[in-house]
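# Quick check, what structure comes out for this input:
(chains A and B)
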Number of protein chains: 2
Amino acid sequence: MRESREARVIGVDLGGTNIKAAAITKTGQVVTKVEWATEADKGVEHVINRLQKIAYTVAEEAGWNWAEVTGMGIGLPGFLNFRTGVVEQAVNLGWKNTAIISVLSESMGIPVYFDNDANAAAIGEAWVGGGQGFDHVAVATIGTGIGGGFIINGHIVRGANGMVGEIGHLLMEREHGRLCNCGKHGCLETISSATAMLRSAREAVREGAQTTLSQFALDSLTTRDVIDAARLDDKVAYAIVKQAMETLGIALSHIGNTLNPQRIVIGGGVSKAGEIIFEFIRKGFEQGALPRVIEACQIVPAKLGNDAGVIGAAKLALEA
Amino acid sequence: MRESREARVIGVDLGGTNIKAAAITKTGQVVTKVEWATEADKGVEHVINRLQKIAYTVAEEAGWNWAEVTGMGIGLPGFLNFRTGVVEQAVNLGWKNTAIISVLSESMGIPVYFDNDANAAAIGEAWVGGGQGFDHVAVATIGTGIGGGFIINGHIVRGANGMVGEIGHLLMEREHGRLCNCGKHGCLETISSATAMLRSAREAVREGAQTTLSQFALDSLTTRDVIDAARLDDKVAYAIVKQAMETLGIALSHIGNTLNPQRIVIGGGVSKAGEIIFEFIRKGFEQGALPRVIEACQIVPAKLGNDAGVIGAAKLALEA
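Below you'll find the predicted structure:
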């Protein structure tokens, strides 16, 4: 039934701050979209009520009778037990061992599915975004941190305990690496994230490097300023962005030589900087990947932006 | 039918030098095993004939009527087209665009499947070897070179064009790395393979290092001698093996943080050296992997030795 041409699903992106929900067709089109505050501080039951209400609201706004809705998928930041439908832990929501699948599917009368938010976004991008049409897709998100997800043989990779795609913590600098939030030194995230590039720029300015960035107040300097300066041939900014993105490219070459994907999709804030960063990423990738791996794989920007999560969540309900 | 308790399959490991074939039960037990020279120099038709004959022979030796055989799987070193059943290229066999699946299945009257040899070995180890009972398994083979294969969500990872598991070419040394056979510098294989450790030992002896290895004629020195000396606390040999295996462990931590496997199975000649190398590998892994990744993943020795290939090949015919 869920495979029929009438399939109409709700995709939900549940974050610590906001809930986004969308009515989505079986071809991955967003019919309508709603965003509410999560109000996680009001407790689990409150949030579960809001999940129901936002789903009913978005269906109504799409002009769907609830009886026409065939399923709902939820992406959320946490460790999930797929066998039991329990959120084992979701720090941003303050949840621990929260059974949401059984509760929601019973009260709403439709099948409900979940996955973690990184997987949901990867599923979305592989379905109707930068990886559309391919069965072997890696998605890397470069923002404050660096994360990812993988579609292999057409299916999301779930792994042992929710730690798939932690590519921000690939150890890229064995000696003299910066301290990472995870407690290790030299993780990819400490070199190639937006935060890391900004930190490098601030350090350069503080050390008195000859750069146009020194005209900014250090507190108000952003990663975008650094990339803009690199684009305008500021040598210091250029070197910072080059080093960060080439190292990311080498990390992606590890994924290339390991999984031999057809597409690597780059999303997150940094990806919006455009060709300058893709050029460096590809250069690093080509340094590390084997020729046949390079030949088979294109590195492309994500297409769905913030919608990747709701779209991928909806896909969970379509393919189940 | 092939799922029935009567399932009896033939697994074949087709190499450039030898063909191994085994009669294998549906639980992965080897009933009987035969090994012949490949005689690849006599041409494609000759080898295809030998594949048929070795299969009939092994079935007969197992006491199986051919009518009882439900399928055959072949592992071979080459690039394969799974849609068409054609071996696109197999350098060691001298094959190019060789349609073996249709030819064999027609002439033998049973379904025939293939995969590349690294995947076949990984499937075998994941099925009834070091990864038995787990759905997320990485297999790494450390010998003259370094290769691997991945079982994800219970299925072998095939990738875009036969380049999955090329972990020997992860770029581990961005500067001053040794030249690799692939043309790049600093690949894992140039640091952590048996060949690389031997080379390091020879270099140390040549440079006059204080080591018991200097009592060997350099030409007759083997990797086993180097590991044995390390085990006997020869400081130079110890440092060489430690550096090689810790770097391997870090490369495996990339796989850990990326795919979050339940088991990493280490096979190949070097794995037979036992605990000394596993200790270093685990140390490197724990340096690079996140705590939850480490917690979920055991690094264990391969169990099937040279039989992994035939057993994994047989599995192809069982699960198809």
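# give me the residue from the stretch 101-250 of chain A nearest chain B.
Residue nearest to chain B within the stretch 101-250 of chain A: A:Gly159 (2.9 Å; C-beta to the nearest C-beta). (Glycine included, C-beta is placed from N, CA and C.)
# Against B:Asp135, how distant is the nearest residue to that residue once chain neighbours are set aside?
Distances taken as C-beta to C-beta, 6 or more residues apart in numbering or on different chains put B:Asn260 closest to A:Gly159, at 2.9 Å, once the chain neighbours are dropped. Per C-beta to C-beta, to the nearest Å, B:Asn260 is found 11 Å from B:Asp135.
# the more surrounded of these two?
When neighbours are counted by other C-beta atoms under 10 Å in any protein chain shown, B:Asn260 comes out ahead of the other of B:Asn260 and B:Asp135, with 25 against 17.
# mind listing what the more buried one touches?
A:157, A:159-164, A:166, B:136, B:293, B:296-297 (C-beta atoms under 8 Å, 6 or more residues apart in numbering or on different chains).
# could I get these as TSV with neighbour count, distance to B:Leu188 and pLDDT?
TSV is the format used below for the contacts of B:Asn260 (neighbours: other C-beta atoms under 10 Å in any protein chain shown; distance: C-beta to C-beta, whole Å; pLDDT from 0 to 100):
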residue	neighbour count	distance to B:Leu188	pLDDT
A:Val157	24	22	96
A:Gly159	25	22	94
A:Ala160	20	23	96
A:Asn161	18	26	94
A:Gly162	22	27	92
A:Met163	25	22	96
A:Val164	27	22	96
A:Glu166	27	20	96
B:His136	24	21	97
B:Val293	26	19	98
B:Ala296	20	23	98
B:Cys297	28	19	98
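# so how far is the helix or strand harbouring A:Val310 from its chain's centroid?
Using DSSP states H and E, A:Val310 sits within helix A:308-319. Taking the mean of its C-alpha atoms, helix A:308-319 sits 13 Å from the chain's own mean (C-alpha atoms, centre = their mean, to the nearest Å).
# can that helix be found next to chain B?
No. Counting by C-beta under 8 Å from any C-beta of the partner chain, chain B has no neighbours in helix A:308-319; the shortest distance is 13.1 Å.
# one step back: so for the residue nearest to A:Gly159, what pLDDT did the model give?
Confidence at B:Asn260, expressed as pLDDT, is 98.
# any idea which of the contacts of B:Asn260 is closest to A:Ile19?
A:Gly162 (20.8 Å; C-beta to C-beta).
# My read is that the closest one contacts A:Asn81, right?
No. Under the criterion of C-beta atoms under 8 Å, A:Gly162 makes no contact with A:Asn81, lying 9.2 Å away.
# The stretch 1-150 of chain A: strands as residue ranges?
Using DSSP state E, counting those that start in this stretch, the strands of the stretch 1-150 of chain A run over A:8-14, A:18-25, A:30-37, A:71-76, A:79-81, A:86-90, A:95-99, A:112-116, A:137-142, A:146-152.
# Mind putting these into JSON lines with mean neighbour count, mean pLDDT and distance to chain B?
Below are the strands of the stretch 1-150 of chain A laid out as JSON lines (neighbours: other C-beta atoms under 10 Å in any protein chain shown; pLDDT from 0 to 100; distance: least, C-beta to the nearest C-beta, whole Å):
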{"stretch": "strand A:8-14", "mean neighbour count": "28", "mean pLDDT": "97", "distance to chain B": "21"}
{"stretch": "strand A:18-25", "mean neighbour count": "24", "mean pLDDT": "97", "distance to chain B": "24"}
{"stretch": "strand A:30-37", "mean neighbour count": "16", "mean pLDDT": "97", "distance to chain B": "28"}
{"stretch": "strand A:71-76", "mean neighbour count": "28", "mean pLDDT": "97", "distance to chain B": "17"}
{"stretch": "strand A:79-81", "mean neighbour count": "18", "mean pLDDT": "95", "distance to chain B": "8"}
{"stretch": "strand A:86-90", "mean neighbour count": "19", "mean pLDDT": "96", "distance to chain B": "11"}
{"stretch": "strand A:95-99", "mean neighbour count": "15", "mean pLDDT": "96", "distance to chain B": "16"}
{"stretch": "strand A:112-116", "mean neighbour count": "25", "mean pLDDT": "97", "distance to chain B": "11"}
{"stretch": "strand A:137-142", "mean neighbour count": "29", "mean pLDDT": "97", "distance to chain B": "9"}
{"stretch": "strand A:146-152", "mean neighbour count": "27", "mean pLDDT": "96", "distance to chain B": "5"}
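# Now render those strands as TSV, adding distance to B:Glu189.
Converted to TSV, these look like this (distance: least, C-beta to C-beta, whole Å):
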stretch	distance to B:Glu189
strand A:8-14	42
strand A:18-25	46
strand A:30-37	46
strand A:71-76	39
strand A:79-81	35
strand A:86-90	39
strand A:95-99	44
strand A:112-116	34
strand A:137-142	23
strand A:146-152	24
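# Give me the pLDDT for the nearest residue to A:Phe216 once chain neighbours are set aside.
Nearest residue to A:Phe216 in three dimensions, chain neighbours excluded: A:Asp225, at 6.1 Å (C-beta to C-beta, 6+ apart). On the pLDDT scale, A:Asp225 is placed at 97.
# who's in contact with A:Asp225?
For A:Asp225, the contact set (C-beta under 8 Å, 6+ apart) comprises A:201, A:213, A:216.
# Now, these that are in helices?
Of the contacts of A:Asp225, the ones assigned to helices by DSSP state H are A:Ala201.
# By neighbours, which of the contacts of A:Asp225 wins?
Neighbour max across the contacts of A:Asp225 (other C-beta under 10 Å) = A:Ala201, 29 neighbours.
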